[in-house]
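Peer 1: what would the 3D arrangement of this be:
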Amino acid sequence: MVLPAEAHDGPAQDQGHGTASRRRVLVSTYIGTVIEWFDFYIYGTAAAIIFNRLFFPEVSSLAGTLASFGTLAGGFLARPLGGVIAGHFGDRIGRKKMLVLSIILMGLSTMLVGVLPTYAQIGVWAPVLLVTARVVQGLAAGGEWGGGVLMAIEHSPGKRRGLWGSVGMMGVPTGVTLSSAVFALLALLPEDDLVSWGWRLPFLASFVLVGVGLWVRLGVPESPVFEKRRKEMKETERRRPPLLEIFRNDWRNVVLGVVLVIGPFSASAVFITFAAAYGTELGMDESKVLGAQTIANVIELAALPLFGMMSDRFGRRRIYYWGGLVLGLSAFPLFAAFNSGAWPLILLACILTFVVHAAMYGPMGAFLAELFTTGTRYTGASLGYQIAGAVGGGFGPLLSASLLASAGGAPNYRYVALFMLAICLVSSVAAFVAPETNRAKLRDA
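Peer 2: Numbers count the residues shown, from 1 in each chain. Now for the predicted structure:
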């Protein structure tokens, strides 16, 4: 495995990128990730509690939930392709251009979901259009995370890459919190109103978030690390696809990146999206489940920069390893709390799970970025992150629903909890064998 070696960190070669510009970079990274995950998780929440009735009404309740989670998986499967496409151009013509394009596509595809006719109106074309919008959303999201987090890291002081990278990761619980809070409020509507028109509102509201994000992003300077690398790049290097370079020189780090991320990505999807469906199957009030998740997400938001800073000081591997171990074990008290039906226990279990999740998510951006060179970093980091997202985030809820069904349905959560323990341990072991990167310089070539 190749260790990061050659010095090439951002603001050490500031080149006119002042404090105000770097602050705007952080704001852009944060808002972009908020939009990405708000859009992605309003879909996930709607898939758990609404879409099975509106787009798959001809099947049983459980089969409809499985079909809804299947469309959720479709978006995650499109993310690696989006990461490769955005990474190719981001590593050759610039990070900023691809970030602007990704936020536009994300907003348009999300708003399209908000105006789709249902199965009762146009029949089978309704789920077809739903899947199409979801795939476009996945393609856009595939390029969003890598570019946004890399912009923050490549503008950051070398000793604070974990902290600056965590700003991008902070957008995840913020977006999830917004989506959960919106649906918690919508759940207060009469059931007929929620099903007929209420569920459309958060998809249409994405238009406002995208407008703000686009305005901020257009004023962001290009990464000084990338600009320096582009000036030094030979003509033969410009013509060489970054994906080819990665498979030739850095494929081990891609595999490592996938394994590092698959645990926390699966946990994020299962402990939020699947858990909401699990709660409703137990007969719990949807607003109470979403309310507990919202509070826990707010607390995770505060924990992310803390763990990012800790990884700068104590190392990525140590924080990530222990985070994965405890996160896997947290599945058992979480589902047990759901089975108890006691909202205070559910809230405490969600807080525990989400804070431990931050121990992996906080250092993740810097950990992945530091594995790759400047000329392939957008492609490499995106590929590792998005493949793990496609497998863990896309199929985690689907596999969990299948495991739950094989165990006889709720409250028999043991297979789901064991699955989460196993997948988080895999990422924990990957961190144990990975190189320590927090004190190394970003690689140039």
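
Peer 1: check which helix or strand Val210 maps to.
Peer 2: Under DSSP states H and E, the secondary-structure element containing Val210 is helix 201-218.

Peer 1: helix or strand next in line after that helix, which one?
Peer 2: By DSSP H and E, the next helix or strand past helix 201-218 is helix 224-232.

Peer 1: show me which positions of that following helix end up buried.
Peer 2: Pro224, Val225, Phe226, Glu227, Lys228, Arg229, Arg230 (16 or more other CB atoms under 10 Å). C-beta here means a position set from N, CA and C on the backbone, and glycine is covered the same way.

Peer 1: I'd say the third one and Lys96 touch.
Peer 2: No. Phe226 is beyond contact range of Lys96, at 9.1 Å (criterion: CB atoms under 8 Å).

Peer 1: identify the residue spatially nearest to Thr273, adjacent ones excluded.
Peer 2: Gly44 (4.1 Å; CB to CB, 6 or more residues apart in numbering).

Peer 1: could you list the residues in contact with stretch 385-394?
Peer 2: 72-80, 82-83, 142, 145-146, 254, 257-263, 265-266, 268-269, 364, 368, 423 (CB atoms under 8 Å, 6 or more residues apart in numbering).

Peer 1: surely Phe338 meets Leu282?
Peer 2: Yes. Taking contacts as CB under 8 Å, Phe338 lies within contact range of Leu282: 6.3 Å.

Peer 1: between these two, which has more neighbouring residues?
Peer 2: Phe338 (24 against 16; other CB atoms under 10 Å).

Peer 1: pull out the buried positions in the host helix or strand of the more buried one.
Peer 2: Per DSSP H and E: Phe338 is located in helix 331-340. The neighbour-count check on helix 331-340 (16+ other CB under 10 Å) flags Ala331, Phe332, Leu334, Phe335, Ala337, Phe338 as buried.

Peer 1: which other residues reach it?
Peer 2: Helix 331-340 is contacted from outside by 267, 270-271, 275, 278-279, 282, 284, 345-346, 348-350, 352-353, 410-411, 413, 416-417, 420-421, using CB under 8 Å, 6+ apart.

Peer 1: out of those residues, which sit inside strands?
Peer 2: With strands taken from DSSP state E, there is no overlap with the contacts of helix 331-340.

Peer 1: so which of these sit within helices?
Peer 2: Residues of the contacts of helix 331-340 located in helices (DSSP state H): 267, 275, 278-279, 345-346, 348-350, 352-353, 416-417, 420-421.

Peer 1: closest one of those residues to Arg160?
Peer 2: The closest of the ones in helices among the contacts of helix 331-340 to Arg160 turns out to be Ala267 (CB to CB; 26.2 Å).

Peer 1: for burial, what's the neighbour tally of the closest one?
Peer 2: Residues contacting Ala267 under the criterion other CB under 10 Å number 29.

Peer 1: hmm, Leu327 and it touching each other?
Peer 2: Yes. Using CB under 8 Å, Ala267 is in contact with Leu327, at 5.6 Å.

Peer 1: and for those two, which residues touch both?
Peer 2: Counting by CB under 8 Å, 6+ apart, the residues touching both Ala267 and Leu327 are Thr353, His357, Cys424.

Peer 1: contacting residues for the residue lying closest to the last one once chain neighbours are set aside?
Peer 2: When you say that, I think you mean Cys424. Once flanking residues are discounted, Cys424 sits nearest to Gly328: 3.2 Å by CB to CB, 6+ apart. Residues counted as contacts of Gly328 (CB under 8 Å, 6+ apart) are Gly263, Ala267, Met420, Leu421, Ala422, Ile423, Cys424, Leu425, Ser428.

Peer 1: can you tell me which of the residues you listed are buried?
Peer 2: Gly263, Ala267, Met420, Leu421, Ile423, Cys424, Leu425, Ser428.

Peer 1: relative to Ile299, which of the residues you listed is nearest.
Peer 2: Using CB to CB, the buried ones among the contacts of Gly328 come closest to Ile299 at Ala267, 15.8 Å.

Peer 1: what distance do you get for the closest one to Gly392?
Peer 2: For Ala267, the distance to Gly392 equals 8 Å [CB to CB, to the nearest Å].

Peer 1: same deal with Asn297?
Peer 2: 19 Å.

Peer 1: cool, Gly198 as well?
Peer 2: 30 Å.

Peer 1: C-terminal to the lowest-mean-pLDDT helix or strand in the chain, what's the next element?
Peer 2: When each helix and strand of the chain is scored by mean pLDDT, DSSP states H and E, helix 235-239 comes last, with a mean of 61. Downstream of helix 235-239, the next assigned helix or strand under DSSP H and E is helix 242-245.

Peer 1: now do the buried residues in that next one.
Peer 2: In helix 242-245, counting by 16+ other CB under 10 Å, buried: Pro242, Leu243, Glu245.

Peer 1: list phi and psi for Gln376.
Peer 2: Careful, residue 376 is Thr and not Gln. Backbone geometry at Thr376, expressed as degrees, to the nearest 10, gives phi -130, psi 10.

Peer 1: that one: neighbour count?
Peer 2: Neighbours of Thr376 under the rule other CB under 10 Å: 27.

Peer 1: ok, now which ones touch it?
Peer 2: With CB under 8 Å, 6+ apart, Thr376 has these contacts: Asp91, Pro242, Glu245, Ile246, Asp250.

Peer 1: Pro80 too?
Peer 2: Neighbour list for Pro80: Gly142, Leu383, Gln386, Ile387, Gly389, Ala390 [criterion: CB under 8 Å, 6+ apart].

Peer 1: who touches the second one in this structure?
Peer 2: Contacts here follow CB under 8 Å, 6+ apart; on that basis Leu383 touches Pro80, Gly83, Val84, Gly87, Leu243, Ile246, Val254, Gly257.

Peer 1: hmm, 7 Å instead?
Peer 2: When contacts are counted by CB atoms under 7 Å, 6 or more residues apart in numbering, Leu383 touches Pro80, Gly83, Val84, Gly87, Val254.

Peer 1: ditto for Ile49
Peer 2: Counting by CB under 7 Å, 6+ apart, Ile49 has contacts Ala276, Thr280, Glu286.

Peer 1: let's see if you can find the most crowded of these.
Peer 2: The residue in those with the most neighbours, by other CB under 10 Å, is Ala276 (23 neighbours).

Peer 1: poorly predicted segments of this protein, please.
Peer 2: Scanning the chain for pLDDT under 70 picks out 1-18, 48, 56-73, 233-239, 443-445.

Peer 1: what's stretch 162-176 in contact with?
Peer 2: So stretch 162-176 is contacted by 26, 29-30, 32-38, 41, 148-149, 152-153, 156, 272, 297, 300-301, 304-305, 307-309, 311-312, 316, 361-366, 369, 438 (CB under 7 Å, 6+ apart).

Peer 1: thinking again about what came up before, can I get the buried ones among the contacts of Gly328 in a markdown table including distance to Gly114?
Peer 2: Converted to a markdown table, the buried ones among the contacts of Gly328 look like this (distance: CB to CB, whole Å):
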| residue | distance to Gly114 |
| --- | --- |
| Gly263 | 32 |
| Ala267 | 28 |
| Met420 | 32 |
| Leu421 | 37 |
| Ile423 | 33 |
| Cys424 | 34 |
| Leu425 | 39 |
| Ser428 | 39 |
